[in-house]
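A.B. asks: quick one: sequence and predicted model below, then my questions.
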Amino acid sequence: MDALIIFGSEYLPWWVGIGVFLFLIFGRDKKKEFRMLIEVFSAGILSRFVFTEIIRFFYNSPRPFEVLDNVYQLIQHSPGGSFPSGHAAFFFALATGVFFYRKWWGILFYAIAIAIGFARVAAGLHWPSDILAGAVIGIFSAWLVDFLFRRFKLLERLR
């Protein structure tokens, strides 16, 4: 079980990133896939490196392995900065962005984002509330990026 948790929290995220790039390689409509790629990663970067970091600047939450004696830390990680989960924010933003373009694939990406979140909790790195907050931030970020790109026609030339 430990190996599955480690895979889900450390290696599965890399496969998700690669999976998004595969849309560009194997997609039929290269312009649409490229537009999706830009939008998806813009949302992921916004959620992970802007919104999440702003919240962490004002609210520093300890990780489960720091405060609970019975938590076995499966993955080495620095203390603090548990809330919200940057991984959840990033991968829910990716899933939402993919969902806007490809519904079925988006559902699959949501399932993987949930699996990554569960693995991060099971590894002793996050509280469930960290994952939930990260998911909300990620979904909001993807919606915001999609709205702004459509409103200001930022990728209109790729249509």
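C.D. replies: Received, thanks. Numbers count the residues shown, from 1 in each chain.
A.B. asks: check which residues of the helix or strand of the chain with the lowest mean pLDDT are buried.
C.D. replies: Of the helices and strands making up the chain, the lowest-confidence element is helix 12-26, at a mean of 85, by mean pLDDT, DSSP states H and E. Buried residues in helix 12-26, counted by 16 or more other C-beta atoms under 10 Å: 12, 13, 16, 20, 23. For the C-beta atoms, the positions are set from N, CA and C on the backbone; glycine is no exception.
A.B. asks: and which of these is nearest to residue 61?
C.D. replies: residue 13 (21.0 Å; C-beta to C-beta).
A.B. asks: would you mind finding the longest helix in this structure?
C.D. replies: Assignment by DSSP state H gives helix 128-151 as the longest helix of the chain.
A.B. asks: what lies in contact with it?
C.D. replies: 39-40, 42-44, 46-47, 51-52, 55, 61, 82-97, 100, 113, 117-118, 120-121, 154-155 (C-beta atoms under 8 Å, 6 or more residues apart in numbering).
A.B. asks: what residues sit buried inside the next helix or strand after the least confident helix or strand of the chain?
C.D. replies: Sequence order places helix 30-46 as the next helix or strand after helix 12-26, per DSSP states H and E. Across helix 30-46, burial judged by 16+ other C-beta under 10 Å covers 32-33, 35-44, 46.
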